[in-house]
Structures are given as structure tokens and as C-alpha cells.
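Q: A predicted structure for the sequence below; I have some questions about it.
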Amino acid sequence: MDKYLKISLFAMIFLLFSCQNDERAYVDIPVEGNEIPITVKRFEQDLFAHQNFSPDSMQYFNETYPDFFPAFVENIIRIGRINDPATGLYLQKFVSDPNIRELYDYTKNKWTDFPDYVRQLQLAFTRYHKVFPEKKIPEIITFISGFNYGIVVDSTYLGLGLDMFLGSDCKYYPMLAIPKYKIKQMNKQNLVPAAINGWLTTEFELDNPDTDLLTKMIHQGKILYTVKSLLPETPDTLIFAFTGKKLQWCEENEEQLWYYLVDNELLYNKEEKQSLRFLADAPFISGLPKESPGRAGQWLGYQIVKKYMTKYPEATLRDLFAIKDGKEILIKSKYKPD
């Protein structure tokens, strides 16, 4: 009995110690039972249901999609100006094109489970609304663009280009000479994290885009930390858009990556080429092993933010974004990779 008691006490102490040292990987935002409604419009279904684009049809699209329709015509598929009388004819050619029509049918068959992803978006924006109640919840608008855009964001809508998330086995992607590292990110499971990341990136823009690498890293870390908080059940491979091997490389080489930046005096470097080197999407980081993922600097920024939020458990996401100085977060976090 005494032996059992000693073992039980040891287990309790160990459990308490472990809990106290758990890293705060995201902010827990309970929402079950309090979901907010979101508006979802299937623009591609609406568009391909039309056989002609008369003035009445054009008026319908302008009224139904007042912000998105002009953007789709002028910027996404780039067929002309929205007020050009010939635009209806160009739209007719777009939806009648055999290749585009085949792509539409292929996309429709791939996305029969889209309501499951709408549910993920609803929970994410419910959490977002709970933390930032003053901010607008966008309309969700789906579309296909002939592989032009995956995520399109405006102040009123969040556009999802479903043809850019058809799966790494999609027959079209190799034909378009899309790099393999990008194709690995073009799965259905990547849609919601990419959409939330895109929305947050426009809602929380960096005050000074010409700032140093450290500030940009930590700003991206804030975005990723918030994506994780809004999508807590989503695997980290999807949050960071990394393969398992790329994520493993980051975890195993965190210390080396950090001290590479320190030793080469890159943290406070303001050169755009250095920011792109560590923050932009790429097959690997130039000058580092080919196993390293592009955007590893964003992942490292997340680690610093996570360390800060762990050290200050009372801090909220709102508090996090209120700190504009990346160096302040680094110092207060006492970040030091093991």
C-alpha cells in the first residue's frame, strides 16, 4: 500500500510538472453551441448555369456579386472591363470553352464534400468573431479561374479558387508545369488553412513592409499562431503547408536555423532578398540543405510567438497583435532553441 501511494504521488507530481511546462501552441477559444452563421455563394455554379450573358444576366451578376464579379472579370480571368458591352460575349466564350467546361465538371466531382469544409470555416470564423467582434465576417465565394488564383481576398469577401485545390494527383497540374513542391500544397485539406491565412494576412497587415527580417518573421508567426488558434484540430503540416518531412526538418534543425540567422547577422537585415529567402514559398532555402522548406522563417517566427504566449498565459490574440515591435516579443519570450 505504501509503495502504491508513493507511485501515485510521484505520478501526480510528474503530471503537474508536465502541465506547467506545456507550451501554449495556440489560444483555446471554445465556441461549441455558439456558432455564427456565414454566407457561402457558389459563384462557379451560378456562372456555368448561364448559357448566355445578356444585359439582364450581367445585371444579375453585378447585383448578386457586387464586389466579386468585377474582380473576377477584370483581375482573375482578365477578359476585359466590367462595363464593356463585349464582356458578356467574353464570358460566354469562357464558360463555353471545352477545356474550361471539362475543368468545371472535374472540380464539381472532386468537391462533392464541400459542406464539410464550410463547417470548418464556420467554426474558424466563429472563433475569430469571438476574439475580434468588431471585425467583419466575409462572404465565402467559390469559383474556378482556369488555375489563375487559389485564394482571393477583399474587404467583403473571401474567394476560394477550388480548381487550385484538387489534390496532388490532379491530372492537370503536371500539364501546367506547376512545381512539385507547390502541387503538394494543392490538396483539399489545405484549402481552409490557406483561406484563413489569406484573410488574416489582409486584416493584420505589417505596418512597415520595409522593416527587418526579425519583425517580418514574428509578424508571420502571429498570423500562423492565430490560424492555429482558429483551427486547433488541424494538423501542423496543414497549418504551415509543409510535408511531414519538411516539418520534421524544421523541428530537428530549429537551433541550427536560429543560429544561422544570428551568426550571419540576418535578423535585423532589411534587404528584400533576405526576407524572400526565408519567408517566401520555395522548394528549399538557398544556402541551406535541400531538405529545408521555403518559408522556414515563418515557422521560426511561430516558435518565437509560441514561446512568448507560453510565458504570458494571460495574453490574448488581441494583445499579441497590439505589440508592433518584433524585438520586444523576442526579448520578452526569452526564446532560445534547445
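A: Yep, it's here. Numbering: from 1, shown residues only.
Q: now stretch 288-299, how far from the centre of its chain.
A: Mean-position distance between stretch 288-299 and its chain equals 17 Å (C-alpha atoms, centre = their mean, to the nearest Å).
Q: tell me the confidence at the closest residue to K327 other than its chain neighbours?
A: Nearest non-adjacent residue to K327, counting by C-beta to C-beta, 6 or more residues apart in numbering: L214, 6.5 Å away. C-betas here are computed from N, CA, C, even on glycine. Reported pLDDT at L214 in the predicted model: 98.
Q: quick check: phi and psi on L158?
A: phi -120, psi 110 (degrees, to the nearest 10).
Q: which strand residues bridge it?
A: Beta bridges link L158 to I140, V153, judged by DSSP bridges.
Q: that one and T142 touch, don't they?
A: No: the criterion here is C-beta atoms under 8 Å, and L158 misses it with T142 at 9.9 Å.
Q: can you pull out the strands in the stretch 101-250 of the chain?
A: With DSSP state E, counting those that start in this stretch, the ranges of strands along the stretch 101-250 of the chain come out as 139-143, 151-153, 157-161.
Q: quick one: the shortest one to chain centroid distance?
A: So the one you mean is strand 151-153. Chain-centre distance of strand 151-153: 10 Å, with C-alpha atoms, centre = their mean.
Q: and if you look at stretch 98-106?
A: With C-alpha atoms, centre = their mean as the basis, stretch 98-106 stands 27 Å off its chain's centre.
Q: could you list the buried residues of it?
A: Buried residues in stretch 98-106, counting neighbours by 16 or more other C-beta atoms under 10 Å, are found at 100, 103-104, 106.
Q: just stretch 324-335 next, same as before
A: 326, 329-330, 333, 335.
Q: swap in stretch 154-163?
A: Neighbour counts over stretch 154-163 (16+ other C-beta under 10 Å) mark 157-163 as buried.
Q: and the average pLDDT for that stretch is what?
A: Rounded mean pLDDT across stretch 154-163 is 97.
Q: who touches it?
A: 44, 67-68, 71, 76, 103, 107, 110-111, 114, 136, 138-153, 191, 195, 198-199 (C-beta atoms under 8 Å, 6 or more residues apart in numbering).
Q: quick one, helices of the stretch 101-250 of the chain?
A: Using DSSP state H, counting those that start in this stretch, the helices found in the stretch 101-250 of the chain span residues 114-131, 172-175, 180-183, 191-203, 213-230, 236-239, 244-252.
Q: what's the most buried one of those helices?
A: Of all those, helix 213-230 has the most neighbours on average by mean count of other C-beta atoms under 10 Å, namely a mean of 25.
Q: so what's the residue nearest to T215 when sequence neighbours are not counted up against?
A: Closest residue to T215 in three dimensions, ignoring its sequence neighbours and counting by C-beta to C-beta, 6+ apart: G326, at 3.6 Å. Residues near G326 by C-beta under 8 Å, 6+ apart: 211-212, 214-219.
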